[in-house]
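1. from the sequence below, what's the structure:
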Amino acid sequence: MMKSSPDKLSYAAIGLLTIVWGSAFALTTVALQGYGPMQVVTARAGLAALVLVSVAYISGQGLPRSLNHWMWCALFGINSLALPFTLLTWAQLTIDSAVAAVLISSSPLFVLLLSKFILGTQVGPRKWLGFSIGFVGLGVLIGPGILRAVDAPLLPQLACLGTAFCYAMSAVLVRRMPELPPVQATAASQLSAAVVLVPFGAVGLVSDLTLGTPLIALAVLGLVQTGGAQLLRYWTVKRSGAVFASTVGYLIPIWAGMLGVTLLGEPITWQLVIGFGLIVSGLLVAGNRPEGQRTAAASSAG
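-> Reported below is the predicted structural model:
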């Protein structure tokens, strides 16, 4: 059951998702040093499916038995896994990971629109203002990189925006799905995505597997960044709503910037500091409501 307002567990989940997904860009870059885009995507989906299906049966939940449930899980798996991971991995062959992260961070704006026009969610001026402030923060954070991205190939940038839209659509879909235990729903969705991807990415994958950093990156991407994160994301959306869960998109560039400073020796720029402040301010504005709005929010959540 969705809570009327996010609690400490919901915020902790957002923090963990930020760390996991914010690190995925670097891991994908490492994995692409040894494997092709479709091989990386297929390995991620296959490993995550293996783990999640095992967890589903160990927990006694198993997989859905209803055809209707399978149809919903397949739709969710394609929208949240197969299609966006394919688009993003392909885009990272020719576009900087920082630019990709910022473009994908437009997902909360897509969620805001989809939640309003598909779910009928009430989105007040305060949330619109908060998300607008966050979007300005993203622009400041990327700084001159946005101008350089204008000269980058158009299709990879569109692929990143397509990824953002897929994530937004899947966040809305999970609210429409029939009630299923999170482990069962996530396992079925992951398995559906893996089945769709195998014909395109399994060729040569086994023969190309060699011990090394790219293989380790593949394993982490599948087990942690894909399997574990999908389960946590599903739980967060069900608990606190699609709009709240989508705010992780604003935090990912911040984590990516922190990794750049600590691991790559990049300087702390004014764009990073001001952008961070604007993004956090936007999240606070969007996430906090006056007392008079809480009753209406609680009623609509029920």
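2. which SSE is the residue nearest to the spatial centre of the chain in?
-> In the chain, the residue lying closest to the centroid (Cα atoms, centre = their mean) is residue 167, at 6.0 Å. Secondary structure assigned from DSSP states H and E places residue 167 in helix 154-176.
3. buried sites along that helix?
-> Within helix 154-176, the residues that count as buried by 16 or more other Cβ atoms under 10 Å are 156-157, 159-175. Heads up, the C-betas are built off the backbone N, CA and C, glycines and all.
4. equivalent analysis for stretch 183-198, please.
-> For stretch 183-198, by 16+ other Cβ under 10 Å, it's 183-194, 196-197.
5. and for stretch 273-288?
-> Quick answer for stretch 273-288 (16+ other Cβ under 10 Å): 275-276, 278-280, 282-283, 285-287.
6. output these in a markdown table; the columns should cover pLDDT, distance to residue 67 and secondary structure.
-> Output for the buried residues of stretch 273-288, formatted as a markdown table (pLDDT from 0 to 100; distance: Cβ to Cβ, whole Å; DSSP: H, G, I helix; E, B strand; the rest coil):
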| residue | pLDDT | distance to residue 67 | secondary structure |
| --- | --- | --- | --- |
| 275 | 73 | 47 | helix |
| 276 | 73 | 47 | helix |
| 278 | 82 | 47 | helix |
| 279 | 75 | 43 | helix |
| 280 | 74 | 45 | helix |
| 282 | 79 | 42 | helix |
| 283 | 72 | 40 | helix |
| 285 | 83 | 44 | helix |
| 286 | 73 | 39 | helix |
| 287 | 64 | 39 | helix |
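7. what stretches of the chain score poorly on pLDDT?
-> Filtered on pLDDT under 70, the chain yields the residue ranges 1-5, 99, 141-154, 204-209, 260, 264-269, 271-272, 287-302.
8. so what does the helix holding residue 167 touch, helix or strand wise?
-> In this structure, helix 154-176 makes packing contacts with helix 67-77, helix 83-91, helix 97-104, helix 107-114, helix 229-240, helix 242-246, judged by 3 or more Cβ pairs under 8 Å, 6 or more residues apart in numbering; DSSP states H and E.
9. tabulate those (TSV), appending distance to residue 201.
-> Formatted as TSV, these follow (distance: least, Cβ to Cβ, whole Å):
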stretch	distance to residue 201
helix 67-77	15
helix 83-91	9
helix 97-104	20
helix 107-114	24
helix 229-240	18
helix 242-246	28
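10. and the ones you listed as TSV, adding mean neighbour count and distance to residue 61?
-> Shown next, in TSV, are the helices and strands packed on helix 154-176 (neighbours: other Cβ atoms under 10 Å; distance: least, Cβ to Cβ, whole Å):
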stretch	mean neighbour count	distance to residue 61
helix 67-77	18	12
helix 83-91	25	25
helix 97-104	22	31
helix 107-114	23	28
helix 229-240	22	12
helix 242-246	26	22
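11. out of these, which is closest to residue 27?
-> helix 97-104 (10.0 Å; Cβ to Cβ).
12. tell me what the closest one is packed against?
-> The contact analysis (3+ Cβ pairs under 8 Å, 6+ apart) places helix 97-104 against helix 8-31, helix 83-91, helix 125-142, helix 144-149, helix 154-176, helix 248-263.
13. residue 226 touches residue 81, doesn't it?
-> Yes. Using Cβ atoms under 8 Å, residue 226 makes contact with residue 81 at a distance of 7.2 Å.
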